[in-house]
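In: sequence and predicted model, in that order:
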Amino acid sequence: MTRATSLLAALSVGVGLSACGSTAAVSSATLTDTAARTASANPVAVSPEPGTPDASPATQISFLGTSATTVADVHVTGSHSGVHAGVLRAYSTGTGESFLPTHPFAAGEHVTVTAQVTSGGATATARSSFTIAHQAPVSQTEFPNNPGNSSEVQHYSTAPSLTPSSVKITTAAKPGGAPGDLLMAPYQGTGSPGPMITEQNGSLVWFHPLPAGEQSTSLRVQQYDGKPVLTWWQGRILEVGFGQGEDVIANTSYQRIGAVHAGNGYHADLHEFHLEPNGTAWIDMFDPIEMNLSHYGGLSDGVITDSVIQEIDVKTGLVMWEWHALGHIPISESHNPAPKEPYPWDYVHVNSISPGLEGAQGGGADQPGNVLLSSRNTWTLYDVDERSGAIRWRLGGEHSNFKLGPGTRTYWQHDAEWQPGGEISVFDNGSDPPKEKQSRGLLLDPNLQARTVSLVKQLTNPTKTLLASSQGNTLSLPGGDWLMGYGGLPNFTEYDSSGHVLLDGTLGRNVQDFRTYLYPWSGQAPGVPAVVAAPGSGGTISVSVSWNGATEVASWRVLTGASSSALAVADTAAKTGFQTTIQAPGTGPYVQVQALGSAGNVLASSATVKD
């Protein structure tokens with residue numbers, strides 16, 4: 001058996017293949033009956049799950065249960081590599097342990113696992129068996145840049161290294177809108193990529209330029225250890241359609257305090273980074289593997305890209321849970337045709353993860369063990385049971401378990417999120433290729449008992465035709481407002497609960513922002529303010545000052561003098577945008593600027609410069 005056909009054989013056992021394009025109904029659980037029964041009978045969730053057809057050669061064995069879960073007497077055997085010794089490492093949450101083999105598994109082999117697990121005061125045997133993937137190398141060429149407009153780039157004399165895309169507000173923020181700043185991570189176009197915060201008028205607050213060849217996505221405010229933090233993905237975006245990087249955590253002083261890396265030999269992808277209050281993180285990754293794709297119109301020696309989901313213990317870096325689309329989502333559900341040339345087939349493309357909401361009602365959102373996934377290339381939302389890995393139901397696509405009400409069908413969608421009450425928000429791209437005239441923000445209400453889904457809300461821009469071929473999000477805001485970021489387009493719009501525009505803006509031409517967020521933010525800028533001074537006209541000094549990331553500065557106080565040790569107050573002026581320029585009286589030549597808070601207190605003093 002060749003490498004390319006070995007995975008097909010594993011999937012034939014584990015998935016129940018159907019002809020490409022078939023509309024026959026499929027079971028919500030696509031693993032074999034034996035694998036499904038094993039997963040359900042286990043006392044805890046075991047990863048790789050029973051029946052997984054393409055586990056990583058570098059995989060650990062994860063045992064995730066409830067509080068005070070412990071593991072002992074682990075036996076791991078590969079059909080080619082034999083018995084694997086290893087060590088157990090506990091999760092910081094106290095909810096289980098991972099077994100870390102001392103050496104990797106062999107590609108194509110079958111692995112069996114048994115362990116004694118104590119959870120809830122009872123001890124039972126946990127089992128799993130899975131196949132190791134033949135992972136395929138892919139081109140590391142980065143996605144080419146689509147140039148924009150050089151006039152739509154920000155420049156500051158006090159911070160010449162900061163050159164992000166401009167932010168143009170086309171509809172100024174109206175009364176009643178949500179408070180806070182806009183959080184973005186622009187890339188593509190002209191200007192530097194990187195995490196960026198702006199005020200709602202487009203004025204820059206903070207920008208973090210990245211090293212050459214790196215991009216970022218999804219800058220947002222989350223909670224870690226009970227404190228607000230900034231998080232984003234950072235790395236390389238490959239031309240084959242996914243990212244390889246890490247998920248960064250920074251404190252309110254913009255200092256990096258941690259990072260989450262994919263486990264089991266994978267690289268974190270750009271699509272999702274979701275922190276939980278218990279100190280875990282949900283991330284995604286893409287894994288190209290060798291496979292015979294001739295059954296689907298592709299190459300016999302083809303490559304298919306699996307979507308992989310992990311829950312990571314942030315403090316230890318251990319993989320607590322792992323789920324593969326292959327083995328659960330039949331390949332025949334894809335709306336993305338198999339390539340007829342040597343190119344990885346992105347058959348499913350999971351692009352968002354939303355764990356169940358504590359205390360929500362209905363729709364599966366009230367069960368923390370349920371995970372809502374969005375798959376771009378099957379046009380489907382999947383509700384996955386974390387204990388067994390089984391798909392509980394599908395919403396949308398060709399095999400929906402719900403009768404779709406008017407306006408509820410999505411195409412190439414992104415950012416499916418649980419909302420209180422079991423409703424689901426989603427960004428419906430409607431393209432690529434186009435299936436709708438406009439990208440839409442949707443709020444859906446799935447009825448589990450009746451197996452119907454109805455449209456609660458639809459948001460579209462009333463003055464622009466915006467059809468985003470990729471990316472995008474629909475963010476619920478306080479007071480019933482919504483923010484839509486258009487991803488592959490440079491646009492973003494805030495709507496009130498009735499769909500009226502409260503704020504509208506755009507980045508520079510061809511600039512992309514995977515998701516756009518709006519949050520209240522208070523940051524303590526590191527270092528001291530940056531100052532540039534030059535002789536002005538009429539006996540004045542032209543003083544420009546900025547402080548990257550400072551949110552508490554209300555005004556600037558300029559001091560001048562004939563020497564650095566003899567400075568006196570020359571002028572005070574209100575802060576105006578990221579960089580403020582003040583024509584201060586006096587001849588200097590020495591200048592220092594103090595940052596003042598709203599009460600007139602000195603927050604920091606710049607270095608003394610000479611004009």
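Out: Happy to help now that I have it.

In: would you confirm that S203 contacts G577?
Out: Yes: taking CB atoms under 8 Å as the definition, S203 is a contact partner of G577 at 4.4 Å. Just so you know, the C-beta spots here come from the backbone N, C-alpha and C atoms, and that holds for glycine as well.

In: I'd say W521 and L219 touch.
Out: No: here W521 does not reach L219: they are 10.4 Å apart, not a contact under CB under 8 Å.

In: who's more crowded, these two?
Out: Neighbours were counted for W521 and for L219 using other CB atoms under 10 Å; L219 has more, 29 against 20.

In: is S425 bridged to anything, and to what?
Out: Beta-bridge pairing for S425 (DSSP bridges): E417, L443.

In: residues in contact with stretch 428-439?
Out: Stretch 428-439 is contacted from outside by 376, 410-414, 427, 440-442, 460-461, 465-470, 472, 486-487, using CB atoms under 8 Å, 6 or more residues apart in numbering.

In: figure out the length between the terminal residues of that stretch.
Out: End-to-end span of stretch 428-439 (CA to CA, to the nearest Å): 6 Å.

In: please apply the same query to stretch 500-517.
Out: Note: stretch 500-517 ends 18 Å apart using CA to CA.

In: just stretch 601-611 next, same as before
Out: 26 Å.

In: how distant is it from the center of its chain?
Out: Mean C-alpha position of stretch 601-611 versus that of the full chain (CA atoms, centre = their mean, to the nearest Å) differs by 38 Å.

In: average pLDDT for that stretch?
Out: Averaging pLDDT along stretch 601-611 gives 96.

In: show me which residues of that stretch are buried.
Out: For stretch 601-611, the neighbour count (16 or more other CB atoms under 10 Å) marks L603, A604, S605, S606, T608, V609, D611 as buried.

In: next one: stretch 39-51
Out: Going by 16+ other CB under 10 Å, stretch 39-51 has these buried residues: A39, N42, P43, V44, A45, V46, S47, P48, E49, P50, G51.

In: just stretch 264-280 next, same as before
Out: Of the residues in stretch 264-280, those buried (16+ other CB under 10 Å) are 264, 266-276, 279-280.

In: with stretch 123-140 instead?
Out: Neighbour count says stretch 123-140 has A126, S128, S129, F130, T131, I132, A133, H134, Q135, A136, V138 buried, by 16+ other CB under 10 Å.

In: nearest residue to the third one other than its sequence neighbours?
Out: Same thing as S129. T112 (4.7 Å; CB to CB, 6 or more residues apart in numbering).

In: can you count the residues close to the one you found?
Out: Residues near T112, counting by other CB under 10 Å: 14.

In: for stretch 570-589, measure first residue to last.
Out: 12 Å.

In: would you map the helices across the chain?
Out: 3-14, 33-41 (DSSP state H).

In: compare those and say which comes out lowest on pLDDT.
Out: For those, mean pLDDT drops lowest on helix 3-14, to a mean of 53.

In: so where's the stretch 151-300 of the chain shaky on pLDDT?
Out: Low-confidence segments of the stretch 151-300 of the chain (pLDDT under 70): none present.

In: contact partners for the closest residue to S334 other than its chain neighbours?
Out: Leaving aside its sequence neighbours, S334 sits nearest to Y347 (CB to CB, 6+ apart; 4.2 Å). With contacts defined as CB under 8 Å, 6+ apart, Y347 is in contact with I304, T305, I331, S334, N336, A338, N377.

In: could you redo the last one with a cut-off of 7 Å?
Out: Under the criterion of CB atoms under 7 Å, 6 or more residues apart in numbering, the neighbours of Y347 are I304, T305, I331, S334, N336, N377.

In: same thing with A550?
Out: A525, A595.

In: hmm, G508 is touching S151, no?
Out: No: counting by CB atoms under 7 Å, G508 does not reach S151; the two are 8.5 Å apart.

In: export only the CA atoms of stretch 73-87, formatted as CSV.
Out: Output of stretch 73-87 as CSV, limited to C-alpha atoms (Å, rounded to 0.1, in the frame of the first residue of the first chain):
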residue,chain,number,x,y,z
ASP,A,73,-0.6,2.7,34.1
VAL,A,74,-0.5,4.1,30.5
HIS,A,75,0.3,1.5,27.8
VAL,A,76,1.0,2.9,24.3
THR,A,77,2.0,0.6,21.4
GLY,A,78,2.6,1.3,17.7
SER,A,79,2.1,-1.4,15.2
HIS,A,80,5.6,-0.6,13.7
SER,A,81,7.4,1.3,16.4
GLY,A,82,6.4,-1.0,19.3
VAL,A,83,5.9,-0.1,23.0
HIS,A,84,6.4,3.6,23.8
ALA,A,85,7.7,4.7,27.1
GLY,A,86,6.9,8.2,28.3
VAL,A,87,6.0,10.6,31.1
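
In: list the buried ones in it?
Out: For stretch 73-87, by 16+ other CB under 10 Å, it's V74, V76, G78, S81, H84.

In: give me the contact list for that stretch.
Out: Contacts of stretch 73-87 (CB under 7 Å, 6+ apart): 61, 88, 99-103, 105-106, 109-116.

In: are any of those residues buried, and which?
Out: I61, F99, L100, P101, F105, E109, V111, V113, A115.

In: out of those, what pair is the most spread apart?
Out: E109 and A115 (19.2 Å; CB to CB).

In: distance between the ends of stretch 593-610?
Out: 12 Å.

In: contacts for it, please.
Out: 528-531, 533, 543, 545, 547, 550, 552-559, 564, 589-592.

In: please compute how far it lies from its chain's middle.
Out: Relative to its chain's centre, stretch 593-610 lies at 37 Å (CA atoms, centre = their mean).

In: got a list of what the closest residue to N278 other than its chain neighbours touches?
Out: Nearest residue to N278, sequence neighbours excluded (CB to CB, 6+ apart): T93, at 5.4 Å. Taking CB under 7 Å, 6+ apart, we find T93 in contact with N278, G279, T280, D313.

In: out of those, list just those in strands.
Out: T280, D313 (DSSP state E).

In: which one among the contacts of T93 gets closest to N401?
Out: Nearest member of these to N401, counting by CB to CB, is T280, at 28.2 Å.
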